[in-house]
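[1] missing the sequence, but the structure's below:
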Ligand SMILES: CC(=O)[C@@H](O)[C@H](O)COP(=O)(O)O
Ligand SMILES: NCC(=O)COP(=O)(O)O
């Protein structure tokens, strides 16, 4: 049996807390707290926190970016990843916060959610100086990319350290006959990225059903960032204990009424 030269590095989980902010923003009470959610995720073992502060502040607000940066200082070894379009508001955050990683995403200002990666050679000219600026600030740069092997060398050529493979097409194919075709497509893209000298991240619509196969079949995935499904699961996994806690409050009130 041939032993691998290096044990594969375990994939880091960066929890995207956008959706905590989305709920918080429907009242003026500050709950659920984005920093508290991040802290609980870190306490539970998440290796990082991700935010995507969109220009319209529909979820993550400017203040969240800075409060999370302060929190992350208390968690050495855990990583702060800020996503966004460097032609919009992202670079101001990067300059002020200097997170561990900036993920450049080619979203329009009012985009519903991220749905495609950068295209080369078209995007190379405007990305190269922004990548260089991040690197000068000591910030790792990852480029959000569709799983197209031929694009990976170009992503490296603009100076990126990593690519984040946009995984929605894989997630949509999971459990269908297309699953294995998609997995092969992502494995080929990841291998091309590795061959070009890039690290590989992945994200969008990853969840508890589709994650294990992805990590098993796609080589060298250093980080997955997961938000929507993870926050939805956190709610669902927490309903039982939470309802019990509220019933306990009612019980305590009822007991004190009957004793008075
Ligand atoms: C870059 C990316 O993949 C996105 O998943 C993004 O961070 C999610 O943004 P929303 O939470 O606004 O859908
Ligand atoms: N970069 C992807 C991300 O942060 C989270 O995406 P999703 O799990 O909310 O789809």
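    Structure received. Nothing here was measured: the structure is a model prediction, and the numbers come from that model. Ligands and ions are numbered 1, 2, ... in the order given.
[2] give me the residue from the stretch 151-260 of the chain nearest ligand 1.
    residue 204 (3.9 Å; CB to the nearest ligand atom). Yep, even glycine has a C-beta here, placed from its N, CA and C like the rest.
[3] what separation do you get for that residue and residue 243?
    Using CB to CB, to the nearest Å, we find residue 204 at a distance of 31 Å from residue 243.
[4] higher neighbour count, those two?
    residue 204 (23 against 10; other CB atoms under 10 Å).
[5] can you report phi and psi for residue 223?
    phi -150, psi 140 (degrees, to the nearest 10).
[6] and it, what are its bridge partners?
    The bridge-partner assignment for residue 223, based on DSSP bridges, gives residue 12, residue 201.
[7] residues in contact with it?
    For residue 223, the contacting residues are 11, 12, 13, 14, 47, 48, 79, 81, 162, 201, 202, by CB atoms under 8 Å, 6 or more residues apart in numbering.
[8] just the pLDDT for it.
    Residue 223 is assigned a pLDDT of 98 by the prediction.
[9] which SS class is the closest residue to residue 53 other than its chain neighbours?
    Distances taken as CB to CB, 6 or more residues apart in numbering put residue 60 closest to residue 53, at 4.3 Å, once the chain neighbours are dropped. Secondary structure assignment for residue 60 (DSSP: H, G, I helix; E, B strand; the rest coil): coil.
[10] ok, now which ones touch residue 60?
    Listed by CB under 8 Å, 6+ apart, the contact set of residue 60 reads 17, 18, 21, 34, 51, 52, 53, 54.
[11] what do you get for residue 89?
    Per CB under 8 Å, 6+ apart, neighbours of residue 89: 53, 55.
[12] could you find the closest non-adjacent residue to residue 207?
    In space, residue 207 is closest to residue 229, 3.6 Å off (CB to CB, 6+ apart).
[13] hmm, that neighbour is touching residue 205, no?
    Yes - counting by CB atoms under 8 Å, residue 229 touches residue 205, with 6.9 Å between them.
[14] tabulate the contacts of residue 223 (a markdown table), appending neighbour count, pLDDT and distance to residue 129.
    What follows is the contacts of residue 223, written out as a markdown table (neighbours: other CB atoms under 10 Å; pLDDT from 0 to 100; distance: CB to CB, whole Å):
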| residue | neighbour count | pLDDT | distance to residue 129 |
| --- | --- | --- | --- |
| 11 | 18 | 98 | 31 |
| 12 | 17 | 98 | 28 |
| 13 | 19 | 98 | 32 |
| 14 | 26 | 99 | 26 |
| 47 | 18 | 98 | 30 |
| 48 | 25 | 98 | 26 |
| 79 | 18 | 98 | 24 |
| 81 | 25 | 99 | 21 |
| 162 | 21 | 98 | 18 |
| 201 | 29 | 98 | 22 |
| 202 | 26 | 98 | 26 |
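[15] distance to ligand 1 added to those, as CSV?
    Shown next, in CSV, are these (distance: CB to the nearest ligand atom, whole Å):
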residue, distance to ligand 1
11, 16
12, 16
13, 14
14, 10
47, 17
48, 13
79, 15
81, 10
162, 13
201, 10
202, 9
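[16] what's the closest of the residues you listed to residue 121?
    Residue 121 lies nearest to residue 162 out of the contacts of residue 223, by CB to CB, at 19.7 Å.
[17] ok, now which ones touch the closest one?
    Contacts of residue 162 by CB under 8 Å, 6+ apart are 101, 140, 141, 142, 143, 193, 198, 199, 200, 201, 222, 223.
[18] what bridges to it?
    Beta-bridge partners for residue 162, by DSSP bridges, are residue 142, residue 199.
[19] now do the SS call for the closest residue to residue 195 other than its chain neighbours.
    Leaving aside its sequence neighbours, residue 195 sits nearest to residue 152 (CB to CB, 6+ apart; 7.5 Å). Counting by three-state DSSP, the backbone at residue 152 sits in helix.
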